[in-house]
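Peer 1: model this:
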Amino acid sequence: MAPKMVTNFRRSLSFPNQPSNNSSKPRKTLHVRSTSLPCRSHPIISQLRDEISELNSWSAADTASRTSAWLCDGLRCLKTVHESLDDLLQLPQTRESLRGGEYSSLIEKLLEDFLRFVDVYGMFQTLVLRLKEEYSAAQIAVRRKDDSEIAVHLKNLSKIAKEIGKLTSNVLSIGKLSMASAGGASDDEAELIEVINDVLKVTVSVSGLLFGGLSNSPAFRRQSCIGLSFGKKTKNVKIEIGIREFQEINLEKLRKKTEEEVKMASKKMHEMEDCIVEIDGCGERSFRSLINTRVSLLNLLTQ
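Peer 2: Next up is the predicted model:
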């Protein structure tokens, strides 16, 4: 029985029709998306390179600029990068180029890498949901000035944040594509593999900032636990990539506070909860774009 094509659940890619030879109007020079074999001049590859460059600049932001809004901007850009890669993979010429037997090991490697990305982001979605629920409960405990409950929720938040931190090592271990796995690739095909490698690399970078920024914040971790399993140098780096708003609340220091201080802390925690909700939404959309890209890769083998 012939294998069935996997159906993607996002938009389809369309191209402008060629002008009729019988038209009486003079032909105009238009810059439209080409349907030729992907190469250096292909608009989608150029677009991908611009988007990857934008994300590289984004990740180089100084620590003072690393807010929750900054993090969401990175996740939105990452989603756009994967949508562009998906567009590239859906081109008939791309499919024809990479469907040969010499590329089977390369596609298999890509499928494995994207499966790991999907697994990691799936786990992140589960963990950030737990984080939201626990943080909401912690806000109630703070308003009631219930120190014992605050301690319980801090312990739970710290455990969740630690699990989010472990996701960093999972994405850092995702490897690069090997040119050897592509056999005798032409220059155009080598260009395609190079840009896919750049997408893998930038996905690892953004993911590390996402997971590290949440997992190493005093809002979720006891100070004594931050960087505890790492060397001093590593600890300092992890603190630097923290998200600014999540450095402004430390549940351990909320005990024995005045009524006014508790009121201010509660307001700040409510604002932070909104930030978590926004990060959760942006993370989910990136998660969906990763699934779509993997589906397009799977179609290269099953179509």
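Peer 1: Which pLDDT value goes with Val206?
Peer 2: If you check Val206, the pLDDT there is 94.
Peer 1: these two touch, right, it and Ser59?
Peer 2: Yes - with contact defined as CB atoms under 8 Å, Val206 counts as touching Ser59 (6.8 Å). The way it works is simple: take the backbone N, C-alpha and C, and place the C-beta from them, glycine included.
Peer 1: who has more neighbours, the two?
Peer 2: Val206 (21 against 16; other CB atoms under 10 Å).
Peer 1: Show me whatever sits in contact with both of Val206 and Ser59.
Peer 2: Gly74 (CB atoms under 8 Å, 6 or more residues apart in numbering).
Peer 1: quick one: Arg244 and Asp62 touch, right?
Peer 2: No - Arg244 lies out of contact with Asp62 (CB under 8 Å); the separation is 10.8 Å.
Peer 1: So which of those two has more stuff around it?
Peer 2: In this view Arg244 and Asp62 are compared by other CB under 10 Å, and Arg244 has more residues nearby, 17 against 7.
Peer 1: how close does the closest residue to the more buried one other than its chain neighbours get to Ile243?
Peer 2: In space, and not counting its chain neighbours, Arg244 is closest to Thr67: 4.9 Å by CB to CB, 6 or more residues apart in numbering. Distance of Thr67 to Ile243, given as CB to CB, to the nearest Å: 6 Å.
Peer 1: Tell me how far the residue nearest to Arg244 lies from Ile196.
Peer 2: 31 Å.
Peer 1: With neighbour numbers in mind, choose between those two.
Peer 2: Ile196 (22 against 16).
Peer 1: does that one sit in a helix, a strand or a coil?
Peer 2: Classification of Ile196 using DSSP: H, G, I helix; E, B strand; the rest coil returns helix.
Peer 1: Isn't it up against Ile107?
Peer 2: No - with contact defined as CB under 8 Å, Ile196 and Ile107 do not form a contacting pair (10.5 Å).
Peer 1: which residues of the protein score low on pLDDT?
Peer 2: Residues of the chain that meet the criterion pLDDT under 70 lie in 1-41, 100-102, 177-188, 221-241, 253-257, 303.
Peer 1: in it, which spans are helices?
Peer 2: Using DSSP state H, the helices of the chain run over 43-59, 68-90, 92-98, 104-143, 147-172, 187-215, 232-240, 259-302.
Peer 1: So which of those is nearest Ile249?
Peer 2: When the helices of the chain are ranked by distance to Ile249, counting by CB to CB, first place goes to helix 259-302 at 5.6 Å.
Peer 1: quick one, that closest one and helix 68-90 angle?
Peer 2: 10 degrees (axes from the mean of the first three to the mean of the last three CA atoms, to 10 degrees).
Peer 1: for helix 259-302, packing partners?
Peer 2: helix 68-90, helix 92-98, helix 104-143, helix 187-215 (3 or more CB pairs under 8 Å, 6 or more residues apart in numbering; DSSP states H and E).
Peer 1: Which secondary structure elements does the shortest one sit against?
Peer 2: The helices and strands touching helix 92-98, judged by 3+ CB pairs under 8 Å, 6+ apart, are helix 187-215, helix 259-302.
Peer 1: Let's see that with 10 Å instead.
Peer 2: Using 3 or more CB pairs under 10 Å, 6 or more residues apart in numbering; DSSP states H and E as the contact criterion, the elements in contact with helix 92-98 are helix 68-90, helix 104-143, helix 187-215, helix 259-302.
Peer 1: List the buried residues for the shortest one?
Peer 2: Yep, that's helix 68-90 we're talking about. Neighbour counts over helix 68-90 (16 or more other CB atoms under 10 Å) mark 68, 71-75, 77-90 as buried.
Peer 1: before we move on, what about the second one?
Peer 2: Burial within helix 104-143, assessed by neighbour count using 16+ other CB under 10 Å, is assigned to 106-107, 109-110, 113-114, 116-118, 120-121, 124, 127-128, 131-132, 134-135, 138-139, 141-142.
Peer 1: Can you spell out which helices and strands pack onto it?
Peer 2: Contact here means 3+ CB pairs under 10 Å, 6+ apart; on that basis helix 104-143 packs against helix 68-90, helix 92-98, helix 147-172, helix 187-215, helix 259-302.
Peer 1: Relative to Thr80, how far out is the nearest residue to Ser84 once chain neighbours are set aside?
Peer 2: Computed as CB to CB, 6+ apart, the closest residue to Ser84 that is not its neighbour in sequence is Leu48, at 4.9 Å. For Leu48, the distance to Thr80 (CB to CB) stands at 10 Å.
Peer 1: How about Thr94?
Peer 2: For Thr94, the distance to Thr80 - CB to CB - is 19 Å.
Peer 1: Now that we have the helices and strands packed on helix 104-143, can you turn them into TSV and tack on distance to Glu252?
Peer 2: Shown next, in TSV, are the helices and strands packed on helix 104-143 (distance: least, CB to CB, whole Å):
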stretch	distance to Glu252
helix 68-90	21
helix 92-98	53
helix 147-172	7
helix 187-215	16
helix 259-302	12
